[in-house]
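Chemist: test case, fold it:
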Amino acid sequence: MVDVGAQGGEQGRLAQDFVRFAVESGVLRFGEFKTKAGRLSPYFFNAGLFDDGRKMGRLAEFYAKALLASGIEFDMVFGPAYKGIPLAATVAVELARLGRNVPFAYNRKEAKDHGEGGTLVGAPLKGRVLIVDDVMSAGTAARESIALIRAAGATPHAVAIALDRQEKATENGQDVDHSAVQYVRQQLGLQVCAIARLADLLLYLSHNGEEGMRSHHEKVLAYRQRYGVNEGQ
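Modeler: Predicted coordinates:
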């Protein structure tokens with residue numbers, strides 16, 4: 001049986017507020033969506049739809065509060081191109097507003113051959129670096145960021161994401177017993193902070209009184225039971 005326990009305490013309340021916000025913003029949708037792994041998922045999280053100032057400001061607030069609640073220590077924030085760039089910038093602003101002022105940087109996809117040149121923009125990469133991204137599908141983007149950070153002489157220390165899907169990763173087209181988040185934690189040695197997990201989404205759906213939401217709960221739960229990972233691993 002797959003563990004579907006949701007978070008408790010302040011982090012649990014933050015996760016529920018975030019899921020509600022994502023649903024109301026149209027970022028978290030329900031239906032039938034094909035994932036990168038070729039699975040038909042009953043839900044889809046598209047962080048690209050946090051597309052105005054109010055939504056981005058609220059999203060950054062969730063990231064910052066989740067990070068502060070996690071107790072993860074870091075010296076600076078890094079945003080991998082492209083989605084991670086606005087995330088790193090807005091999260092750094094929100095952290096500063098909450099009393100935790102840290103430098104931030106991001107990378108370009110292609111090196112600049114004029115001006116300051118290079119692929120890195122912002123503060124110099126040094127110390128314990130926190131990578132900020134939206135979701136983690138296979139850990140590929142995390143590995144690329146880790147290599148870039150190490151090449152600059154800094155230490156890749158942690159990753160912050162919006163949603164942990166808590167589902168099996170795929171390798172060479174085959175399902176494996178660990179998720180991308182578990183791979184990053186166990187194999188790459190980085191801490192991971194997720195604002196919410198699939199278990200938190202299931203809790204939200206189970207407590208929502210709307211008829212449609214109850215139907216979505218059954219489909220998401222079935223998906224979790226088929227593809228979910230055991231969090232005790």
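Chemist: where does the chain dip in pLDDT?
Modeler: 1-6, 8, 111-117, 138-139, 209, 232-233 (pLDDT under 70).
Chemist: swap in 50 and give it another go.
Modeler: For the chain, the stretches with pLDDT under 50 are 1-4, 114-115, 233.
Chemist: tell me where it has helices.
Modeler: In the chain, the helices defined using DSSP state H lie at 9-24, 53-70, 84-97, 140-151, 180-186, 198-207, 211-227.
Chemist: what sits up against stretch 34-49?
Modeler: Contact with stretch 34-49 is made by 22, 25-33, 55, 59, 83, 134-135, 137-138, 162-163, 165, 167, 169-170, 175, 201, 216, 219-220, 222-223, 227, as judged by CB atoms under 8 Å, 6 or more residues apart in numbering. Any C-beta I mention is one placed from the backbone N, CA and C, and that applies to glycine too.
Chemist: quick one, which of the residues you listed are buried?
Modeler: Neighbour counting over the contacts of stretch 34-49 (16 or more other CB atoms under 10 Å) leaves 22, 25, 27-28, 30, 55, 59, 83, 134-135, 137-138, 162-163, 165, 167, 169-170, 201, 216, 219-220, 223, 227 as the buried ones.
Chemist: so how far is M136 from S145?
Modeler: Using CB to CB, to the nearest Å, we find S145 at a distance of 11 Å from M136.
Chemist: list the contacts for the residue nearest to D200 when sequence neighbours are not counted?
Modeler: Closest residue to D200 apart from its sequence neighbours, by CB to CB, 6 or more residues apart in numbering: A15 at 4.0 Å. Shown in contact with A15 (CB under 8 Å, 6+ apart): 6-7, 195-197, 200.
Chemist: same question for L68.
Modeler: Contacts of L68 were listed using CB under 8 Å, 6+ apart, and they are 95, 98, 100.
Chemist: thinking the first one is in contact with F104, fair?
Modeler: I take that to be L95. No. Assessed by CB atoms under 8 Å, L95 is found out of contact with F104, at 9.1 Å.
Chemist: which residues do the two both contact?
Modeler: V77.
Chemist: just the buried residues of the contacts of A15.
Modeler: 6-7, 195-197, 200.
Chemist: any buried residues in stretch 74-90, and which?
Modeler: For stretch 74-90, by 16+ other CB under 10 Å, it's 74-81, 83-90.
Chemist: mind listing what R197 touches?
Modeler: Under the criterion of CB under 8 Å, 6+ apart, the contact list for R197 reads 6-7, 15, 163-166.
Chemist: out of those, which are inside strands?
Modeler: The strands, defined by DSSP state E, take in 163-164 from the contacts of R197.
Chemist: next, format the contacts of R197 as a markdown table and append distance to E211.
Modeler: Formatted as a markdown table, those follow (distance: CB to CB, whole Å):
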| residue | distance to E211 |
| --- | --- |
| A6 | 22 |
| Q7 | 26 |
| A15 | 24 |
| L163 | 24 |
| D164 | 28 |
| R165 | 25 |
| Q166 | 26 |
